[in-house]
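Engineer: Give me a model of this one.
(2 chains)
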Protein chains: 2
Amino acid sequence: MADAIQAVVFDAYGTLFDVHSVIRRCEERFPGKGTALSQLWRTKQLEYTWLRSLMGRYADFGSVTRGGLRFACRTLGITLSEAIEDALMDEYLRLAPYPEVRAALEALAGRKLAILSNGSPAMLEPLVANAGLARLFDSVLSVDGLRVFKPHPSVYQFGVDRLGVNKQQVAFISSNFWDVCGATSFGFRTYWINRSGAQQDELGFAPAAILTRLDELPAALAA
Amino acid sequence: MADAIQAVVFDAYGTLFDVHSVIRRCEERFPGKGTALSQLWRTKQLEYTWLRSLMGRYADFGSVTRGGLRFACRTLGITLSEAIEDALMDEYLRLAPYPEVRAALEALAGRKLAILSNGSPAMLEPLVANAGLARLFDSVLSVDGLRVFKPHPSVYQFGVDRLGVNKQQVAFISSNFWDVCGATSFGFRTYWINRSGAQQDELGFAPAAILTRLDELPAALAA
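Structural biologist: Residues are numbered from 1 along each chain as shown, chains lettered A, B, ... in the order given. As a prediction, this is how the structure comes out:
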């Protein structure tokens, strides 16, 4: 299968970029509530992307992320000032890539490399630039122009269209199992990065392979 | 506004029918884990409806509910036999209506009354019959023929089409805030039944009124 893969497309949040620094920052601001806050925030952020997509009421990922933060704080009885809200939102622009990301991307040179993310351009561009990864990607693709979020098939089709390859030539990499399922359903060859030992969701699809770190990817693609 | 409302359309699970008996049954089967199991089960049940709708991979609510149960058990380290799985699934056919439901429905007589639910006909028909409520409803409508779940607007449109009314003449009642938002976005006049003191999600819509019990509805509709 190895030589069939012309492009490697990555999810961003949780796959290339470690969102744990957001948890740490939540804990600094609201001691004892950081984990609960960041978990509920992330849950609502995702729920809102799915619900808004189904309702046909797209709002960009920044708005959705901010809405999830506000809901989570209200539910947990946390008073959120405008300054702290802005500070927590800014964390999303400075997430650290996982330690193995740079070497893994460099080992994949020769193939087209891209990010395909729910993030808006206003969130993705500073994120990739701040991490010093911009020159390693051929494309950083946002759903924003489509006004619908993953796992709608039009998102994965957009990746195909922009990269100028067939869907059978794409390896898609995500730590989010539901994103893996959406991409598999669409027709990508998928690799699930399961860093936390999570269970597979019951959505009727499975990845081609399960990896625990991105530096296992070059060997997996060659297998 | 009162005389504009020709039809009152209810969500089923959590709105008319109390899903707490499922929690109790989970606790009987798996002592100490009942609450965690039923919460994760419900979370995944909903997630799967949204994700499958977005992916264009509909499976009926029974399959989705069963999938959520299996995932929740695996994640919590619970061994689920086929017999216990079937017994827990059967609970969904025998949920008790909230105590005030019958009187509230009887007080609304004269308007068209309907259920509009994610449940499949195979789940809804025994549920309504077992509760002795069948004669109180003009229609029990399932998304199943549409092969997409709430809050996709086609679901609410289906209600309008089947009831033969304009959307402006429909009062829609749900305890699920995201369902209220979907229905409001579509154009229904909505009433949120907030029994648990939950916060409103940040989805850009709000109900016409918030009630804590269904027997407040006749007065609210007349207001």
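
Engineer: Check which element follows the lowest-mean-pLDDT helix or strand in chain A along the chain.
Structural biologist: Every helix and strand in chain A was compared by mean pLDDT, DSSP states H and E; the lowest is helix A:20-29, with a mean of 89. Downstream of helix A:20-29, the next assigned helix or strand under DSSP states H and E is helix A:34-55.

Engineer: Give the buried residues for the next helix-or-strand element following that following helix.
Structural biologist: Downstream of helix A:34-55, the first helix or strand assigned by DSSP H and E is helix A:61-75. Neighbour-count burial for helix A:61-75, with 16 or more other Cβ atoms under 10 Å in any protein chain shown as criterion, is recorded at A:61-62, A:64-74. To be clear about C-beta, it is placed using only N, CA and C from the backbone, and glycine gets the same treatment.

Engineer: Kindly report the same for stretch A:43-59.
Structural biologist: Going by 16+ other Cβ under 10 Å, stretch A:43-59 has these buried residues: A:44-55, A:57-59.

Engineer: same check, this time on stretch A:97-112
Structural biologist: A:97, A:98, A:101, A:102, A:104, A:105, A:108, A:111, A:112.

Engineer: Could you tell me how many residues sit around residue A:86?
Structural biologist: 10 (other Cβ atoms under 10 Å in any protein chain shown).

Engineer: and it, what helix or strand is that in?
Structural biologist: Per DSSP H and E: residue A:86 is located in helix A:82-91.

Engineer: Residue A:9 too?
Structural biologist: Using DSSP H and E, residue A:9 falls in strand A:7-10.

Engineer: so what does that strand touch, helix or strand wise?
Structural biologist: Other elements packing on strand A:7-10 under the criterion 3 or more Cβ pairs under 8 Å, 6 or more residues apart in numbering or on different chains; DSSP states H and E are strand A:112-117, helix A:153-163, strand A:170-174.

Engineer: Apply 7 Å and report the result again.
Structural biologist: Under the contact definition 3 or more Cβ pairs under 7 Å, 6 or more residues apart in numbering or on different chains; DSSP states H and E, strand A:7-10 sits against strand A:112-117, strand A:170-174.

Engineer: So which of these is the most surrounded?
Structural biologist: Stretch with highest mean neighbour count among the helices and strands packed on strand A:7-10: strand A:170-174 (a mean of 27; mean count of other Cβ atoms under 10 Å in any protein chain shown).

Engineer: on contacts alone, who are the packing partners of that strand?
Structural biologist: strand A:7-10, helix A:177-186, strand A:189-193.

Engineer: just to revisit the earlier point, pull the most distant pair out of the buried residues of helix A:61-75.
Structural biologist: A:61 and A:74 (20.4 Å; Cβ to Cβ).

Engineer: would you list the helices and strands packed on strand A:7-10 in JSON lines and tack on mean pLDDT?
Structural biologist: JSON lines is the format used below for these (pLDDT from 0 to 100):
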{"stretch": "strand A:112-117", "mean pLDDT": "98"}
{"stretch": "strand A:170-174", "mean pLDDT": "98"}
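
Engineer: For residue B:172, which of these is the nearest?
Structural biologist: strand A:112-117 (34.5 Å).

Engineer: low-confidence ranges in chain A?
Structural biologist: A:1-3 (pLDDT under 70).

Engineer: quick check: domain ranges of it?
Structural biologist: Using automatic domain parsing, the domain parsing of chain A gives A:2-16+A:98-222, A:19-91.

Engineer: Could you report the distance from the nearest residue to residue A:59 once chain neighbours are set aside to residue A:116?
Structural biologist: Excluding the flanking residues, the one nearest residue A:59 by Cβ to Cβ, 6 or more residues apart in numbering or on different chains is residue A:52, at 6.0 Å. Counting by Cβ to Cβ, to the nearest Å, the gap from residue A:52 to residue A:116 is 19 Å.

Engineer: Likewise for residue A:49?
Structural biologist: 14 Å.

Engineer: Filter the buried residues of stretch A:97-112 down to the ones in strands?
Structural biologist: Counted as lying in strands by DSSP state E, out of those, are A:97, A:112.
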